[in-house]
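S.K.: Here is my input, please return the structure:
(one chain, ligands or ions: 1)
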Amino acid sequence: MRESEPEQGCLQSGMTGELRTGIRSFWDGKGPGVKRNGVMALLLNSLGTEKKPDQEKQSVMASLNRRIIRCQACRLSVTRSHALTGEGSLHARMLFVALSPGAKEDTEGRMFIGPSGKILNALFNAAGVARSTVYMTNLIKCMLPKNRRPKMDEIGTCSPFLTEEISIVRPGVIVPLGYYATRAVFHQYEVDAPAARTDYASCYGQLVFSKNQKIFPLPHPSSLIYRPDYMPATRKKYQKLRVLSADCKWYPVCPMKYYYENGWLEKKWIALYCQGDWENCVRYEMEDKGDYHPDWMLPDGRLNEYLRKRSASKDLSTG
Ligand code: SF4
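M.R.: A predicted model of the protein is given here:
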């Protein structure tokens, strides 16, 4: 769960309960005289065995976790005690990605229970985020011996597990912690990444939207073990998690929602502001203060001529 060195920088039928009850009573001979047939029998069989999306997610994740636990695809399987699977809510809005298990995590087979975990808990508490509401995993599932840097082939071999976890949880925001996780996630979602490792520090605390995915890189908590003086700045960045945990309160009545739902506004505006960092929205601030602002003003404060014309059109007035 740590970086090796300080960071600067359904089967679901879709039927309602009422419909299910109706079909059951029909099949029990209480219905209006329609004969049983093969299709109906099939349907009723499925009633007893249907899987809810929750169960499906759990079973797909359990299957993935079994593969992780048994994995021997790279040299790290020789030196590990445990290959760590992810932990947390499969419905999490935020999925955290650390680098790899630390010594304590490797020994006990749990995520973030060592020194970094204590710091992470403190940062979560300060931000008002409950660990039980997020999903946490590692880029590399096995401990790196003596805290050494990961090798490219180790990341390449192990990272497909992360891709699978993301596709199961489908988080609103991926939160990579530290350089290696951020670099890997940026690469996967084709984000313009800094060339130098030291420049990654400028990405921490900045919400990014790429390939239809929000990414919010943060410093790895282990960086504070080496540099406790970074705590105030790091805590401030983690505080944003509270904002990212909920949509903007103005969203249901905001013109941006209307524009977006009518196809007049790119999704990035909604992702980065309304369902992202709404605290940084100029419209949000003006709404709160009761200051006048036109409907066609974008979240970053710029006036948009196309939206002004749309607002003046019959389309909007009849919307
Ligand atoms: S545009 Fe701003 S005020 Fe409107 S819903 Fe989005 S974040 Fe909130």
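S.K.: Contacts for the helix or strand where Thr157 lies, please.
M.R.: Using DSSP states H and E, Thr157 sits in helix 152-169. Residues outside helix 152-169 that contact it (C-beta atoms under 8 Å, 6 or more residues apart in numbering): 57, 60-61, 64, 67-68, 71, 73-76, 86, 90-92, 95, 97, 135, 137-142, 144, 174, 180, 184, 188. All C-beta atoms are positioned from the backbone trio N, CA, C, and that covers glycine.
S.K.: If we use 7 Å, what do you get?
M.R.: By C-beta atoms under 7 Å, 6 or more residues apart in numbering, the residues outside helix 152-169 that reach it are 57, 60-61, 64, 68, 73-74, 76, 86, 90, 92, 95, 97, 135, 137, 139-141, 174, 184, 188.
S.K.: Check whether Asp300 sits in a helix, strand or coil.
M.R.: When classified by DSSP: H, G, I helix; E, B strand; the rest coil, Asp300 comes out as coil.
S.K.: Kindly export stretch 186-203 (C-alpha atoms) in PDB.
M.R.: Taking Å, rounded to 0.1, in the frame of the first residue of the first chain, the C-alpha atoms of stretch 186-203 are listed here in PDB:
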ATOM      1  CA  PHE A 186      -3.400   8.100 -16.800                       C
ATOM      2  CA  HIS A 187      -1.900   5.700 -19.300                       C
ATOM      3  CA  GLN A 188      -5.000   3.500 -19.300                       C
ATOM      4  CA  TYR A 189      -7.300   6.500 -19.800                       C
ATOM      5  CA  GLU A 190      -5.000   8.300 -22.200                       C
ATOM      6  CA  VAL A 191      -4.600  11.400 -20.000                       C
ATOM      7  CA  ASP A 192      -1.800  13.800 -21.000                       C
ATOM      8  CA  ALA A 193       0.700  12.800 -18.400                       C
ATOM      9  CA  PRO A 194       3.700  14.800 -17.200                       C
ATOM     10  CA  ALA A 195       7.000  13.600 -18.700                       C
ATOM     11  CA  ALA A 196       9.000  13.700 -15.400                       C
ATOM     12  CA  ARG A 197       8.100  11.900 -12.200                       C
ATOM     13  CA  THR A 198       8.600  15.100 -10.200                       C
ATOM     14  CA  ASP A 199       5.900  16.900 -12.200                       C
ATOM     15  CA  TYR A 200       3.200  14.400 -11.100                       C
ATOM     16  CA  ALA A 201       2.900  16.400  -7.800                       C
ATOM     17  CA  SER A 202       1.100  19.100  -9.800                       C
ATOM     18  CA  CYS A 203      -1.600  16.600 -10.800                       C
END
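S.K.: Now do it, average pLDDT.
M.R.: In this model, stretch 186-203 carries a mean pLDDT of 95.
S.K.: Now, of the contacts of helix 152-169, which are buried?
M.R.: Neighbour counting with 16 or more other C-beta atoms under 10 Å marks 57, 61, 64, 68, 74, 76, 86, 90, 92, 95, 97, 135, 137, 139-141, 174, 184, 188 as buried within these.
S.K.: Counting only strands, which of the residues you listed make the cut?
M.R.: Among these, DSSP state E puts 95, 97, 135, 137, 174 in strands.
S.K.: Could you take those residues and lay them out as JSON lines, with extra columns for pLDDT and distance to the ligand?
M.R.: Output for those, formatted as JSON lines (pLDDT from 0 to 100; distance: C-beta to the nearest ligand atom, whole Å):
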{"residue": "Leu95", "pLDDT": "98", "distance to the ligand": "22"}
{"residue": "Val97", "pLDDT": "98", "distance to the ligand": "26"}
{"residue": "Tyr135", "pLDDT": "98", "distance to the ligand": "25"}
{"residue": "Thr137", "pLDDT": "98", "distance to the ligand": "29"}
{"residue": "Ile174", "pLDDT": "98", "distance to the ligand": "20"}
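S.K.: ok, now how distant is the residue of the stretch 101-250 of the chain found nearest the ligand from Pro221?
M.R.: Using C-beta to the nearest ligand atom, the single residue of the stretch 101-250 of the chain nearest to the ligand is Cys248, 3.1 Å away. Distance of Cys248 to Pro221, computed by C-beta to C-beta, to the nearest Å: 28 Å.
S.K.: So between the two, which is more surrounded?
M.R.: More crowded of Cys248 and Pro221, by other C-beta atoms under 10 Å: Pro221, with 27 against 23.
S.K.: Tell me the residues on the stretch 201-319 of the chain that lie near the ligand, please.
M.R.: Within the stretch 201-319 of the chain, the residues that sit near the ligand (C-beta under 6 Å from any ligand atom) are 248, 250-251, 254, 256, 273-274, 278, 281, 283-284, 287, 299.
S.K.: If you rank every helix and strand of this protein by mean pLDDT, what lands last?
M.R.: Lowest on mean pLDDT, DSSP states H and E among the helices and strands of the chain sits helix 17-25, with a mean of 32.
S.K.: Can you check the distance spanned by stretch 295-313, start to finish?
M.R.: 13 Å (C-alpha to C-alpha, to the nearest Å).
S.K.: no, scratch that, I was asking about stretch 263-270
M.R.: Stretch 263-270 end-to-end distance (C-alpha to C-alpha) = 12 Å.
S.K.: Perfect, I'm done here.
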